[in-house]
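Chemist: Here is my input; please provide its structure:
(chains A and B)
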Amino acid sequence: MNSPADVLIEAEGLSRRYGDLLAVDGVSLRLLRGEVLGLLGPNGAGKSSTLQMLTGALAASTGSVRVAGHDLDTAPLAARAALGFLPEQPPVYRELKVDEYLAYCARLRRVPAANVTSAVLRAKARSGLDGVGHRLIGRLSKGFQQRVGIAQAIIHNPPVVILDEPTVGLDPIQQREIRGLIRELGREHGVILSTHILPEVQAVCDRVIILHQGRVVLDEALSDLAATTGGGLRLDCERPPAATVIERLPGVTAVACEGTSCRIATGPGFNTRSLLEAALAGDWGVLSLVPERRSLEELFVQLTCGEAA
Amino acid sequence: MIQTIAWREFRNLFLSPLAWVVLAVVQFILGYSFLIQMELILENQGELAALPDAPGITELVAQPLFAVAAIVMLMVAPMLTMRSIAEERRNGTLVLLLTAPVSLIEVVLGKFLGLVGLLSCMVLLTTLMPLSLGLGTELDYGLVGAGALALFLLLATFAAIGLFMSALTDQPTVAAVATYGALLFLWIIDWASQTEPGGVSGLFPYLSLIRHFEDLSRGLFSSADIAYFIIAITLFLLLTLWRLDAERLPG
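Modeler: Model (predicted):
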């Protein structure tokens, strides 16, 4: 049971209407301390709107949000003090130097005046900005500007950090560094990450929520996902047998054969050895036997394209 | 927090060449106007002294200068205020203020005070010119003070109107044009009263910026004039607040 201090965000029934368009429809989510939550969805699914509603940049048409125990509507200042937010476009003043900008952000977030300098140094160190403090933000590369955006989100050490597509536009090395940073942040804070890069979700997140047309279609921990979508084998042979032959083996729940390839769904009681012995006995000419896990990508496509036809 | 935002706004204005160029241009034009006025007076000194109840040097130099300053600043103020909120919206930095633990009131007041700070520099530079005459002659400091106060209140009103127009759009140039329109309208609304004295048009002279500015700069301290400026400033700041809040809310 999580103590109240561990539930960092509780959002219920969030929806947002833009004129006639219902961009977000009844989204509920919870974020715990020490958790990295991935918000996944095709473009237009309502990810950015949802994140903006969580931070108060956008007011929800219906629903409520509680951040670290403070209601965003009735105690907005306390709630926002517990948040760090990086929107899609980093909110940087291009004519300022990095140090100036981060000091301003620290003061805006009500970091006590005495701690501003150390907060800036720490945020720069964590975002990999050492050495560029005196440079104009407008002259930095996109990757560095993104890092400045991340630095401003963590400068006041908030319990919740919300990042909207933090690695978009970065080169692979920078992406790895940012993902490392996010994983590190996830240890002490709660992080919500929105992205449509699936490998990123698998590399960084503990839980994933998939949004489609403004609704939550999946909300599960990645470890649970691996368990439920796994459990299959693919057998390639030169002379594949009839499906029924494989089905008779203990523990096989379903078989689908296509050409030289057989996909075997397995349940409890299955052991690979009996399959291999049958293969040798029947002279199937085994080429390869590969365990198959239904990938997050397939799940994503299935959930989001199923309705769009 | 208002101070933090105001100071940042003030410094940001000076980071772009626009503020410097505007200050330089305004100073040049007003300096020229001041010189011409001084020239005229020096040439006609004898005749002026002969007039009964002759206007003093302050009335002859400071007042016209403040009047010219008001018109020149009406033309440049919209350019200084146009970027206030519109550019932040366009660059995506407005969200920084909206998601920080600061109230909208603090944001609006901070931005307003930052603008007023810049415009106060202009008032200061303008006032220094007639004040410099004090080195050689006796000035009516009360009159100079009244003129400076009138100019300050006028510019603060320009700032409030400009801030509101900037909050309406994400294109600074549109904000500038809208501000010009509003300011010019409030300036010339006075003309209506000249066509039809009394009746409905009693309202128009009251709404006119120029009417209140002139009275005040002449040294006529009327609470109605000061109230006008304060009401106008408050009105447009409230409108700005309302507009920024309305943006977050569902349509």
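
Chemist: Can you say which helix or strand has the spatially closest residue to B:M129 that is not a sequence neighbour in it?
Modeler: Distances taken as Cβ to Cβ, 6 or more residues apart in numbering or on different chains place B:F34 nearest to B:M129, at 4.9 Å, with adjacent residues excluded. From N, CA and C alone the C-beta is placed, and that goes for glycine too. Following DSSP states H and E, one finds B:F34 within helix B:17-43.

Chemist: near chain B, which residues of chain A show up?
Modeler: A:16-19, A:52, A:55-61, A:76-78, A:80-81, A:83, A:85, A:87-96, A:104-105, A:107-110, A:152 (Cβ under 8 Å from any Cβ of the partner chain).

Chemist: Would you mind checking those residues for buried ones?
Modeler: A:16-17, A:52, A:55-61, A:76, A:80-81, A:83, A:85, A:87-88, A:90-93, A:96, A:104-105, A:107-110, A:152 (16 or more other Cβ atoms under 10 Å in any protein chain shown).

Chemist: Of those, which belong to strands?
Modeler: Mapping these onto strands (DSSP state E) picks out A:16-17, A:83, A:85.

Chemist: Which pair of those spans the longest distance?
Modeler: A:R17 and A:L83 (23.4 Å; Cβ to Cβ).

Chemist: Any chance of JSON lines for the ones in strands among the buried ones among the residues of chain A next to chain B, columns distance to B:A148 and pLDDT?
Modeler: Shown next, in JSON lines, are these (distance: Cβ to Cβ, whole Å; pLDDT from 0 to 100):
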{"residue": "A:R16", "distance to B:A148": "50", "pLDDT": "88"}
{"residue": "A:R17", "distance to B:A148": "51", "pLDDT": "86"}
{"residue": "A:L83", "distance to B:A148": "45", "pLDDT": "92"}
{"residue": "A:F85", "distance to B:A148": "44", "pLDDT": "94"}
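
Chemist: Which positions within stretch A:282-301 qualify as buried?
Modeler: Judged by neighbour count using 16+ other Cβ under 10 Å, the buried positions of stretch A:282-301 are A:284, A:286, A:289, A:296, A:299-300.

Chemist: And those, which is closest to chain B?
Modeler: A:F300 (28.1 Å; Cβ to the nearest Cβ).

Chemist: helix or strand for that closest one, which one?
Modeler: helix A:296-305.

Chemist: how about that helix as CSV, C-alpha atoms only?
Modeler: Output of helix A:296-305 as CSV, limited to C-alpha atoms (Å, rounded to 0.1, in the frame of the first residue of the first chain):
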residue,chain,number,x,y,z
LEU,A,296,5.4,-3.3,-27.6
GLU,A,297,5.2,-2.1,-31.2
GLU,A,298,2.8,-4.7,-32.2
LEU,A,299,0.7,-4.0,-29.2
PHE,A,300,0.7,-0.3,-29.9
VAL,A,301,-0.2,-0.7,-33.6
GLN,A,302,-3.0,-3.2,-32.6
LEU,A,303,-4.5,-0.9,-30.0
THR,A,304,-4.3,2.3,-32.0
CYS,A,305,-5.1,1.1,-35.5
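
Chemist: That helix - contacts with which helices or strands?
Modeler: Other elements packing on helix A:296-305 under the criterion 3 or more Cβ pairs under 8 Å, 6 or more residues apart in numbering or on different chains; DSSP states H and E are helix A:198-204, strand A:207-212, strand A:215-221, helix A:222-229.

Chemist: That one: how far from the chain's middle?
Modeler: 15 Å (Cα atoms, centre = their mean, to the nearest Å).

Chemist: who in the stretch 51-200 of chain B is up against chain A?
Modeler: Counting by Cβ under 8 Å from any Cβ, the residues of the stretch 51-200 of chain B that sit close to chain A are B:91-103.

Chemist: which of the residues you listed are buried?
Modeler: B:91, B:93-102.

Chemist: hey, which helix is longest across chain B?
Modeler: Counting residues, the longest helix found in chain B (DSSP state H) is helix B:104-133.

Chemist: Centroid-nearest residue for chain A?
Modeler: Compute the mean C-alpha point of chain A, and by Cα atoms, centre = their mean the closest residue is A:G38, 1.9 Å away.

Chemist: Give me the pLDDT value at that one.
Modeler: Note for A:G38: predicted pLDDT of 91.

Chemist: dump the residue contacts of it.
Modeler: A:193-195, A:200-201, A:204-205, A:207-209 (Cβ atoms under 8 Å, 6 or more residues apart in numbering or on different chains).

Chemist: Top of those residues by number of neighbours, please.
Modeler: A:L193 (28 neighbours; other Cβ atoms under 10 Å in any protein chain shown).

Chemist: Give me the residue ranges of the stretch 201-309 of chain A where confidence is low.
Modeler: By pLDDT under 70, the weakly predicted segments of the stretch 201-309 of chain A are A:226-231, A:293-294, A:306-309.

Chemist: Looking at it, which residue is nearest chain B?
Modeler: A:G214 (13.7 Å).

Chemist: if I pick residue 155, what's in contact with it?
Modeler: You didn't pick a chain, so chain A it is. A:84, A:102, A:105-106, A:109, A:111, A:119-120, A:123.

Chemist: To clarify, I was referring to chain B.
Modeler: B:73, B:77, B:116, B:119-120, B:122-123.

Chemist: now these in JSON lines, with neighbour count, distance to A:L249 and pLDDT?
Modeler: Formatted as JSON lines, those follow (neighbours: other Cβ atoms under 10 Å in any protein chain shown; distance: Cβ to Cβ, whole Å; pLDDT from 0 to 100):
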{"residue": "B:M73", "neighbour count": "23", "distance to A:L249": "90", "pLDDT": "92"}
{"residue": "B:A77", "neighbour count": "27", "distance to A:L249": "85", "pLDDT": "93"}
{"residue": "B:V116", "neighbour count": "22", "distance to A:L249": "84", "pLDDT": "96"}
{"residue": "B:L119", "neighbour count": "24", "distance to A:L249": "86", "pLDDT": "94"}
{"residue": "B:S120", "neighbour count": "18", "distance to A:L249": "88", "pLDDT": "94"}
{"residue": "B:M122", "neighbour count": "24", "distance to A:L249": "90", "pLDDT": "92"}
{"residue": "B:V123", "neighbour count": "23", "distance to A:L249": "92", "pLDDT": "94"}
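
Chemist: and which of the residues you listed is nearest to A:G34?
Modeler: The closest of those, once distances to A:G34 are taken by Cβ to Cβ, is B:V116, at 47.0 Å.

Chemist: Just confirm the closest one contacts B:T157, I think it does.
Modeler: No: if you go by Cβ atoms under 8 Å, B:V116 and B:T157 don't touch, sitting 10.2 Å apart.
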